[in-house]
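> Could you look at this predicted model? Sequence included:
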Amino acid sequence: MSQYGTESCCTLAAICFEQHTRCSELENIRMLWNEAASSSNTNGFHPDPQLGDWLRDRFLHVLKFFTFHVSTPSSDVARFLEAAFFGCSTLPLKVLSTTGVRDASDVRAPDPMFSLFLKHLPVLPAPVLSSAPLAIRTLQSKELITDITFSDVLAQLRQHPLNEEELVACLKWWVGVGQQDPTHDTTRARTELLNATILSLGSGEDARPIPLSMVQYFIHQRMIPLDGPLPDTLMPLSVTKHFTQEQLRSFGWRECSIIDWIQYIFKPDVMNANPAQDVTRSSEWAERVLTVLARAWPSLSKESHEMIKAMLAQKSCIPTSSGLQKPQLAYFPSANIFNDLPVVTFTSGGALKGSMEKLLSFVGVRKHVDLQVVFDRMVKTGDWTISDLITHLVTIQSTLTPDEITKLQMTSAFSKEGENPLPGKKSRYRASDLYEPSVTNRQLGLPIIDWGEKTKWRSSSEEGPSLLSYVAPSFETIFSY
């Protein structure tokens with residue numbers, strides 16, 4: 001009798017399994033779900049919520065007929081039926097998941113850690129889990145439905161790019177739980193995760209894919225302009241702002257430095273891509289770049305200072321009154337002794353002081369006009385008198401280099417009082433060959449420097465001693481070293 005009862009249970013279970021695998025109701029649910037999902041606005045795998053609830057209720061109704069409850073007088077009946085049901089065929093068992101009717105082996109138990117970024121992974125809907133706990137426990141105990149694994153994560157990431165919100169959730173899972181999983185090698189698993197993940201930045205036709213395997217940098221400080229050119233290997237701030245620097249470095253990324261940024265925006269292809277973001281064509285953009293560099297200047301190393309100087313030296317990137325100029329051809333406003341000098345001029349009206357002054361001075365912007373330029377103006381154009389020159393020298397004497405002082409002593413740029421040269425042939429002398437325009441020197445018949453008539457010579461003024469310091473060798477001068 002016992003053998004007869006067991007065989008009857010097996011026969012009944014086989015009939016149940018056959019009915020389940022051939023269940024027209026399950027097929028109807030599958031078709032209705034797929035048709036509704038394909039015509040909805042939910043990325044093609046969810047039907048309308050109201051319809052989805054209705055289809056889940058129909059599936060739960062079907063599931064009741066294949067759930068084995070303990071009965072009396074013998075609890076073995078349910079056990080025999082259940083064992084026979086799951087062991088009588090190799091055909092896959094079908095269940096309803098969050099993505100429609102699927103083979104049970106393709107469906108996973110829900111886990112809130114993954115719900116925000118594995119949206120395409122088939123998992124058991126929460127209503128099914130709560131409404132049919134006995135059936136679900138049976139499926140899980142027989143490993144027909146398993147927990148989400150790292151392999152599932154990789155498979156889903158390879159198939160579906162993530163938006164910014166989903167990527168944040170994915171990275172948070174990794175730094176919080178994923179990298180602490182003792183079942184896999186962290187470094188290898190991290191590499192597999194980054195190789196599998198793609199960020200879809202933007203939406204529609206403007207969407208841009210960023211494979212995480214290509215990412216090298218992150219931005220931590222908001223010093224670098226986000227509306228300007230940025231490296232393709234930079235993880236957007238909209239993602240990285242949710243993490244600490246230590247967490248971001250755990251992915252093998254490093255902070256995008258000012259040097260990294262300036263090297264990128266100075267690349268020819270980047271400069272040519274947009275004239276408005278080319279430091280050699282847009283004064284506004286050049287000013288913004290200089291402002292960023294000035295703000296970062298105090299915290300940068302000497303090596304970084306030299307690198308920036310080398311990069312700017314060959315670029316016409318300094319906004320001036322004569323357009324964009326190379327640093328060594330631009331002048332501070334204090335050096336504006338000629339009307340046509342290219343003086344640094346910012347469209348914002350920003351002052352050239354503090355870090356900005358230090359930056360511009362370091363990269364080569366001139367604080368005074370080169371003496372050769374002054375001599376050329378005196379000799380060739382006559383724009384300046386000797387009085388103008390001496391007044392200028394007084395203002396810049398503390399900045400003159402030894403080479404410039406030597407040039408002052410050796411250059412024949414000074415005219416002599418009382419000469420009436422032929423047109424175009426005015427004689428010029430060294431300063432050491434002439435004397436100050438004093439009454440005594442005139443009475444002695446000495447060659448007197450042509451001081452001019454606009455400014456009266458005063459030996460007690462700053463101009464007098466400054467002139468004497470290099471005109472009369474008998475005086476101890478600031479030009480004697």
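Cool, got the structure. Numbers count the residues shown, from 1 in each chain.
> just how off-centre is whichever strand or helix holds Trp54 within its chain?
Assigned by DSSP states H and E, Trp54 belongs to helix 49-64. The gap between the average C-alpha position of helix 49-64 and the chain average comes to 48 Å, counting by Cα atoms, centre = their mean, to the nearest Å.
> quick one: contacts of that helix?
With contact meaning Cβ atoms under 8 Å, 6 or more residues apart in numbering, helix 49-64 is reached by 23, 25-26, 28-29, 32-33, 36, 46-47, 95-96, 101, 125, 127-128, 131-132, 135. For every residue, glycine as well, the C-beta is placed using N, CA and C.
> Any of those residues buried? List them.
When burial is judged by neighbour count using 16 or more other Cβ atoms under 10 Å, the buried members of the contacts of helix 49-64 are 26, 29, 32-33, 36, 46-47, 95-96, 101, 125, 128, 131-132, 135.
> ok, so of the residues you listed, who is nearest Ser316?
Taking Cβ to Cβ as the measure, Ser316 lies nearest His46 of the buried ones among the contacts of helix 49-64, at 56.8 Å.
> per-residue confidence at that closest one?
Among the per-residue scores, His46 holds a pLDDT of 73.
> What distance do you get for it to Leu237?
In this structure, His46 and Leu237 are separated by 31 Å, where distance is defined by Cβ to Cβ, to the nearest Å.
> Over to Leu124?
Distance check for Leu124 against Leu237: by Cβ to Cβ, it reads 37 Å.
> who has more neighbours, these two?
Using other Cβ atoms under 10 Å, the more surrounded residue of Leu124 and Leu237 is Leu124, with 22 against 17.
> how about that one, what does it touch?
With the criterion set at Cβ under 8 Å, 6+ apart, Leu124 makes contact with 95, 97-98, 107-110, 136, 145.
> Separate out the buried members of the residues you listed.
In terms of neighbour count (16+ other Cβ under 10 Å), the buried residues within the contacts of Leu124 are 95, 97-98, 107-108, 110, 136, 145.
> from those, which ones fall inside strands?
For those, membership in strands holds for 95, 97, with DSSP state E as the criterion.
> Now the two most distant members of the buried ones among the contacts of Leu124.
Put simply, by Cβ to Cβ the two of these set farthest apart are Thr98 and Ile136, 14.0 Å from each other.
> out of everything not next to it in sequence, what's closest to Ala169?
With Cβ to Cβ, 6 or more residues apart in numbering as the criterion, Ala169 has its nearest non-adjacent residue at 3.6 Å, and that residue is Leu116.
> The one you found contacts Glu165, doesn't it?
Yes: under the criterion of Cβ atoms under 8 Å, Leu116 lies in contact with Glu165, with a separation of 7.4 Å.
> all strands of the chain, in order?
94-97, 100-103, 198-201, 208-211, 217-218, 234-235, 254-255, 318-320, 323-325.
> hmm, back to that, how about the contacts made by the residue nearest to Ala169?
With Cβ under 8 Å, 6+ apart as the criterion, the residues that contact Leu116 are 165-166, 169.
> Turn those into TSV, including pLDDT.
Listed next are the contacts of Leu116 as TSV, based on pLDDT from 0 to 100:
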residue	pLDDT
Glu165	95
Glu166	96
Ala169	96
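> closest to Ser438 among those residues?
The shortest distance between Ser438 and any of the contacts of Leu116, using Cβ to Cβ, involves Glu165 and amounts to 84.6 Å.
> Tell me how far that closest one lies from Ser238.
Glu165 sits 9 Å away from Ser238, taking Cβ to Cβ as the criterion.
> Please apply the same query to Leu51.
The span separating Leu51 from Ser238 equals 34 Å under the rule Cβ to Cβ.
> now swap in Asp450 and tell me
Distance from Asp450 to Ser238, by Cβ to Cβ: 70 Å.
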